[in-house]
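In: everything below, folded, please.
(one chain, ligands or ions: 2)
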Amino acid sequence: MEMIEVRNLKKEYRIAKKSTGMMGSLKHLIMPQYETLEAVKGISFRINEGESAAFLGSNGAGKSTTIKMLTGIMKPSDGTVRIMGKDPFLNRIENARRIGVVFGQKSQLWWDIPVIESFRLLKNIYGIPEEQYNRNMEKFGEILGLHDFLSQPARKLSLGQRVRADLAASLLHEPPILFLDEPTIGVDVAAKQKIYEFLRETNREKKTTILLTSHDMKDLESICQRLIILEKGKILFDDTIDKLLKKYGGEMSLEEIIIRLFEYDVLV
Ligand SMILES: Nc1ncnc2c1ncn2[C@@H]1O[C@H](COP(=O)(O)OP(=O)(O)OP(=O)(O)O)[C@@H](O)[C@H]1O
Ligand SMILES: [Mg+2]
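Out: Ligands and ions are numbered 1, 2, ... in the order given. So this is what the prediction gives:
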């Protein structure tokens, strides 16, 4: 089954055009001028049930913008997105049941209440049955090592602890699709391994479709079968990591291959 379908997706931002210096600021106040920035320039791809795919690309390539449009947070400027056949922006509530979202840079948890209370709130919001909630809490608690800080408010957690709590929160309602934007930012090596194992297991056991962005090549290799390289708002490469390794591999690691591909500009 097709879980994610993206056709000719575009996003333009209107950004302030400002000259430098005091005069520039004054001029902007009196007569603001804007220009258009094309962050995503008409991309298309499809992701099937159970697939795990990664977006890779430089800073500002358009990865987070794309994830925001796929999760229904942001309205596309043009093109279409279908999440299990539905427009995520127009069906936000329905869509929220089908997806789990983690933004490594920004927590989805309530900042001032104990993490466990955030989980209980999510249980009520999603109407998660008691049995499912307990089963997941036990499993996530163990694999992600949440027990040490469940009673702490999110604002008191370290970055890595917070990301782990966010990951558990995104999967409590067992969504068929999981979006992760830089899920291992600030996470130590041991915790990363746990996260990889957890995501691989979720993908394998529940056939959860995963789409993540990361700058960490280990993340991509450990979790994903498919790689989508995005640069300046365009897709430069979309195929399996296996094929890439077979084609260019030999002695080279995935990281080395990617560096070479960029260097010699041979991506298609
Ligand atoms: N809210 C916004 N308003 C205006 N411009 C934006 C906004 N969000 C992002 N941009 C611009 O759009 C482009 C794409 O940004 P985006 O955050 O999607 O990149 P990214 O691939 O996620 O980068 P990174 O690897 O740094 O997270 C950048 O040039 C950025 O400056
Ligand atoms: Mg980003």
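In: pretty sure V101 contacts Q108?
Out: Yes. In terms of C-beta atoms under 8 Å, V101 counts as a neighbour of Q108; the distance is 6.7 Å. Heads up, the C-betas are built off the backbone N, CA and C, glycines and all.
In: which of these two has more neighbours?
Out: Using other C-beta atoms under 10 Å, the more surrounded residue of V101 and Q108 is V101, with 21 against 15.
In: look up how far N95 lies from that one.
Out: To N95, V101 is 10 Å away according to C-beta to C-beta, to the nearest Å.
In: need the residues touching each of those two.
Out: Common contact partners of V101 and N95 (C-beta atoms under 8 Å, 6 or more residues apart in numbering): T71.
In: mind listing the shared neighbours of V101 and Q108?
Out: Common neighbours of V101 and Q108 (C-beta under 8 Å, 6+ apart) are S170.
In: assign the residue in the chain that ligand 2 sits nearest to to helix, strand or coil.
Out: The nearest approach of the chain to ligand 2 comes at S64, 3.1 Å away (C-beta to the ion). With DSSP: H, G, I helix; E, B strand; the rest coil as the basis, S64 sits in helix.
In: how about it: what's its closest non-neighbour residue?
Out: D181 (5.5 Å; C-beta to C-beta, 6 or more residues apart in numbering).
In: count of neighbours near the one you found?
Out: Per other C-beta under 10 Å, the neighbour tally for D181 reads 22.
In: quick one: contacts for it?
Out: D181 sits next to 63-64, 67, 101-105, 212-213 when contact means C-beta under 8 Å, 6+ apart.
In: can you rerun that using 10 Å?
Out: Taking C-beta atoms under 10 Å, 6 or more residues apart in numbering, we find D181 in contact with 55, 63-64, 66-68, 71, 101-106, 211-214.
In: is it in a bridge, and if so with what?
Out: In this entry, D181 is beta-bridged to F103, T213, by DSSP bridges.
In: so what's it scoring on pLDDT?
Out: D181 carries a pLDDT score of 96 in this model.
In: roughly how far apart are it and K156?
Out: 23 Å.
In: again, but for R162
Out: Taken as C-beta to C-beta, the span from R162 to K156 is 9 Å.
In: how about I83?
Out: Distance, I83 to K156, using C-beta to C-beta: 34 Å.
In: who has more neighbours out of these two?
Out: A direct count of neighbours by other C-beta under 10 Å for I83 and K156 places I83 higher, at 26 against 14.
In: can you pull the contacts of the more buried one?
Out: I83 makes contact with 2-6, 47, 70-72, 89, 91, 94-95, 98-99, 176-177, 179, 209, according to C-beta under 10 Å, 6+ apart.
In: K41 too?
Out: Counting by C-beta under 10 Å, 6+ apart, K41 touches 8-12, 62, 78, 230, 232-235.
In: which of these has the largest number of neighbours?
Out: Highest neighbour count within the contacts of K41: G62, with 25 neighbours (other C-beta under 10 Å).
In: surely that one touches M74?
Out: No. Here G62 does not reach M74: they are 11.7 Å apart, not a contact under C-beta atoms under 10 Å.
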